[in-house]
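>>> Predicted model and sequence follow; I will ask about them next.
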Amino acid sequence: NTKVWKVDKYVDNLENNPQVVDAANFLRDNEVVALPTETVYGLGGNATSDVAVAKIFAAKGRPSDNPLIIHIAEKKQLSTFVAEVPDKAEVLMEAFWPGPLTIIFKKKEGVLAESATAGLETVAVRMPDHPVALALLKSCGLPIAAPSANSSGKPSPTNAQHVLDDLNGKIAGVIDGGATGIGVESTVIDCTEAIPVILRPGGVTKEQLKAVIGEVRVDAALTDEAARPKAPGMKYQHYAPNAPLFMVSGTTQFLQSLVEEKRTAGLRVGVLTTEEQVDVLEADVVLACGKRAELETVATALYDTLRKFNLEQVDIIFSEVFPNEGVGNAIMNRLQKAAGNKLIAE
Ligand code: TXA
Ligand code: MG
């Protein structure tokens, strides 16, 4: 059965906390353990062990061609498995680590499990900004491969209960360190090219990246549906609730009219909106996902809200859309994937 370690992220000396040390021992034994980060919960395993990595892929039901992010607690760990650190990557690490930025480097061969990087010549690395994650990484002393701790295709987990809902009985344990803060995954940036390329929008915005390294490109697949994404994981359907989800752009009245039409047809209808409109809209289930005026709060609540529609057993979901700028890039990217790009425009 899956062990649950409850750890208060505000206590001192977390590295020697008995719960953290116990979890670290499981990692050293090549077992897989879910851990809180500042973005979403990750499913950690020893990145130097094909045995541990195989357990990660099996528990999630993840396609094996989708490489994992390697998590570290100290910059000096980089040189053990990264072949070269370009100047711009150095600047990015200085500015955003620890934090929600994953950097793609050229890989040093023969150190990490081949399965962790899905056989690529590059490796994705991040240093999470969460006291429990950092303590666990330090305590086990290993580079830890950690995808989001959800079943493949489901919304990512932002609390320990989400992890258990998907993976109870399939993983050795989960450290319950409370709800994550940012709520969407890290930004993935490829620094193996002269002009770094954003492969996945996330917790660090394009505007923030430009402010420190100047020119930044965006992978064509993020704007052009036909292009093949450079991050293998971006090609998969993702984050999807059980019921079909439609993004709706237009007035509140337009959204309400879509709801009426489906309710008349006998469907149980869900609406994803924000605090500003939650009392205005009428449907079987109306959920506020943060405040539109503060998009960070929408990011924080997004996956939990998508999961709540499953508990409410709706037949169809209509969602508002959000401004595609700042953290809105990440929100809209996840919403588009959750909706399979289905958009109804007024
Ligand atoms: O915030 C996060 O990044 C969370 C927490 C747990 O740290 N992790 C996470 O991992 O979101 P995951 O596995 O769900 O997403 C990793 C993404 C995938 O889209 C994958 O294809 C891409 O990073 N990726 C990993 N290694 C890559 C590489 N060498 N080249 C290109 N893309 C890579
Ligand atoms: Mg994921």
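Looks like it came in fine. Residues are numbered from 1 along each chain as shown. Ligands and ions are numbered 1, 2, ... in the order given.

>>> tell me the contacts of the closest residue to K235 other than its chain neighbours?
Of all residues not flanking K235 in the chain, P229 sits nearest, at 5.2 Å (C-beta to C-beta, 6 or more residues apart in numbering). For the C-beta atoms, the positions are set from N, CA and C on the backbone; glycine is no exception. Neighbour list for P229: 199, 219, 221-222, 235 [criterion: C-beta atoms under 8 Å, 6 or more residues apart in numbering].

>>> need the helices for this protein, in chain order.
18-28, 50-60, 78-81, 87-96, 131-140, 160-167, 206-213, 252-264, 295-311, 328-338 (DSSP state H).

>>> Make TSV from those and add mean neighbour count, distance to ligand 1 and mean pLDDT to it.
Shown next, in TSV, are those (neighbours: other C-beta atoms under 10 Å; distance: least, C-beta to the nearest ligand atom, whole Å; pLDDT from 0 to 100):
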stretch	mean neighbour count	distance to ligand 1	mean pLDDT
helix 18-28	19	14	98
helix 50-60	20	9	98
helix 78-81	16	12	97
helix 87-96	17	12	98
helix 131-140	24	8	98
helix 160-167	22	11	98
helix 206-213	15	15	98
helix 252-264	15	30	98
helix 295-311	22	11	97
helix 328-338	22	10	96
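
>>> neighbours around the closest residue in space to A135 that isn't next to it in sequence, how many?
Using C-beta to C-beta, 6+ apart and skipping the chain neighbours, the partner closest in space to A135 is L14 (3.5 Å). Neighbour count for L14, taken as other C-beta atoms under 10 Å: 22.

>>> pretty sure L14 is touching A23, no?
No: here L14 does not reach A23: they are 11.1 Å apart, not a contact under C-beta atoms under 8 Å.

>>> Any chance of TSV for the helices of the chain, columns distance to I195?
Below are those laid out as TSV (distance: least, C-beta to C-beta, whole Å):
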stretch	distance to I195
helix 18-28	36
helix 50-60	31
helix 78-81	22
helix 87-96	9
helix 131-140	30
helix 160-167	37
helix 206-213	9
helix 252-264	40
helix 295-311	26
helix 328-338	18
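
>>> For the residue nearest to A135, give me its contacts.
7, 20, 131-132, 134-135.

>>> Among the residues you listed, which pair sits farthest apart?
V7 and L134 (12.1 Å; C-beta to C-beta).

>>> Could you pick out the residues of the chain near ligand 1 for me?
37, 39-40, 42, 66-69, 100, 102, 104, 117, 120, 122-124, 126, 128, 146-148, 185-186, 188, 199-200, 230-234 (C-beta under 6 Å from any ligand atom).

>>> Just to check, A149 is in contact with L167?
Yes: counting by C-beta under 8 Å, A149 does reach L167; the two are 6.4 Å apart.

>>> anything in contact with each of these two?
34, 43, 60, 174.

>>> Closest one of those to ligand 1?
Using C-beta to the nearest ligand atom, L43 is the member of these that sits closest to ligand 1, with 7.6 Å.

>>> For the closest one, list the residues it contacts.
Going by C-beta under 8 Å, 6+ apart, the list of residues near L43 reads 32-34, 56, 59-60, 146-149, 163, 167, 171.

>>> pLDDT wise, what is the residue lying closest to it once chain neighbours are set aside at?
Leaving aside its chain neighbours, L43 sits nearest to A149 (3.9 Å; criterion: C-beta to C-beta, 6+ apart). Model confidence at A149, given as pLDDT, is 98.

>>> and what of L281?
Taking L281 on its own, its pLDDT is 98.
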